[in-house]
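Novice: Sequence and predicted structure, then a few things I'm wondering about:
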Amino acid sequence: MLRSALTNAMVEERISKNVAQLVKVQRARRRRPDPWSVEEACAFLENAQMWRDYLYPAYVLILVLGLRKGEVLGLTWADVNLDSGELQIRHQLQRVRRRLLHTDTAKTEASEAVLPLPDVCLAALRLRQKEQQAAKERAGDLWTESDLVFTTRYGTPVEPRNFTREFDRRCERAGVRRIRVHDTRHTCASLLAALDVHPRIAMQILRHSEIAVTMEVYTHVPSADTRRALRKLGEALGGGSQKRGEEGQQQGADMDGRPES
């Protein structure tokens, strides 16, 4: 900042030399993320599915497709094609200066890419569609109509801060390390391999330009037990455990659309 200010001063001929340019500043060391292993991600998803957490489909998308929190919460049904098994990232939901904004994503090649949906993602989204319709019928006149995939029990957008809070709670209940939501993106490739997703499809999801890069990731596959457990998640969505308890019955009650204080 000082170097920039002094450069402007030189342009305006207020000073003759920018002494800040002579100073060598050491770059701050970036913190390396410590993402979940496939086993930890599996335990997290199994716990969310077992308790019928209505955010389970969102967790599947951020882990399997590597979507960001804002992209998941801003996802609309118009962006999802369940028949062809495809999804496009065109919107994001963010709170900026106390305003909740649902905006278009930047028009880049990556944002306009159409992502194929693995079976576990398709099953999770179909489940979400049914649960949202049931919530709409329960809410009646209190329902706020929108095309958002993930909403509160009254149809309003899910607060990004509340999503983070629920994610942290699920980490504790699943008995896994608490990490940032953003760091789940680094587990995506390993999960795709564990789910036996074809390398060509994984290449498209991971936005790799060369198949060799994808295959290098695919050489590190988890155990057979982990692979079986992940496949069961998608198969169990249609029936699965009906265990709810107090936690399951309260799903959505805390997600009332108000920002966390």
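Specialist: Nice, I can see it. Numbering: from 1, shown residues only.
Novice: Could I get the full set of helices for this protein?
Specialist: Remark: helices assigned in the chain by DSSP state H are 2-11, 38-50, 56-64, 69-73, 119-139, 160-174, 188-194, 199-206, 211-218, 224-236, 245-249.
Novice: Between these, which has the poorest mean confidence score?
Specialist: Between the helices of the chain, the lowest average pLDDT goes to helix 245-249, which shows a mean of 43.
Novice: ok, now which ones touch L55?
Specialist: If you count contacts by Cβ atoms under 8 Å, 6 or more residues apart in numbering, L55 has them with 48, 150, 158, 163, 166-167, 170, 251. For every residue, glycine as well, the C-beta is placed using N, CA and C.
Novice: before we move on, back to that, now for the helices of the chain, which one comes closest to L82?
Specialist: Nearest to L82 among the helices of the chain is helix 119-139 (6.3 Å), distances taken as Cβ to Cβ.
Novice: Pull out the buried positions in that closest one.
Specialist: 119-125, 127-128, 131-132, 135-136 (16 or more other Cβ atoms under 10 Å).
Novice: circling back: nearest to Q26 among the contacts of L55?
Specialist: Taking Cβ to Cβ as the measure, Q26 lies nearest F167 of the contacts of L55, at 34.2 Å.
Novice: okay, now A113: neighbour count?
Specialist: Residues lying near A113 (other Cβ atoms under 10 Å) number 13.
Novice: Quick check: it touching M203?
Specialist: No: using Cβ atoms under 8 Å, A113 is not in contact with M203; the gap is 11.4 Å.
Novice: Find the residue at the geometric middle of the protein.
Specialist: Nearest to the mean C-alpha position of the chain, by Cα atoms, centre = their mean, lies I62 at 2.9 Å.
Novice: burial of the residue nearest to that residue when sequence neighbours are not counted, as a residue count?
Specialist: Residue nearest to I62 in three dimensions, not counting chain neighbours: T184, with 5.1 Å by Cβ to Cβ, 6 or more residues apart in numbering. Around T184 there are 25 other residues, counting by other Cβ under 10 Å.
Novice: From H208, how far off is T184?
Specialist: For T184, the distance to H208 under the criterion Cβ to Cβ, to the nearest Å works out to 19 Å.
Novice: Same check on A9?
Specialist: A9 is 46 Å from H208, by Cβ to Cβ.
Novice: between these two, who's got more neighbours?
Specialist: H208 (17 against 14).
Novice: is it true that the more buried one touches I201?
Specialist: No: in this structure, H208 is not within contact of I201 by Cβ under 8 Å, at 11.3 Å.
Novice: returning to that earlier point: to H102, which of the helices of the chain lies closest?
Specialist: It is, among the helices of the chain and with distance given as Cβ to Cβ, helix 69-73, at 8.8 Å.
Novice: hang on, the earlier thing: now the buried residues of helix 119-139 as CSV including distance to T105?
Specialist: Listed next are the buried residues of helix 119-139 as CSV, based on distance: Cβ to Cβ, whole Å:
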residue, distance to T105
D119, 26
V120, 24
C121, 19
L122, 22
A123, 25
A124, 22
L125, 19
L127, 25
R128, 21
E131, 26
Q132, 22
A135, 26
K136, 27
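Novice: Which pLDDT value goes with A20?
Specialist: The score at A20 is 88. That number is its pLDDT.
Novice: So it sits against L2, correct?
Specialist: Yes: contact criterion Cβ under 8 Å: A20 and L2 qualify, at 4.9 Å.
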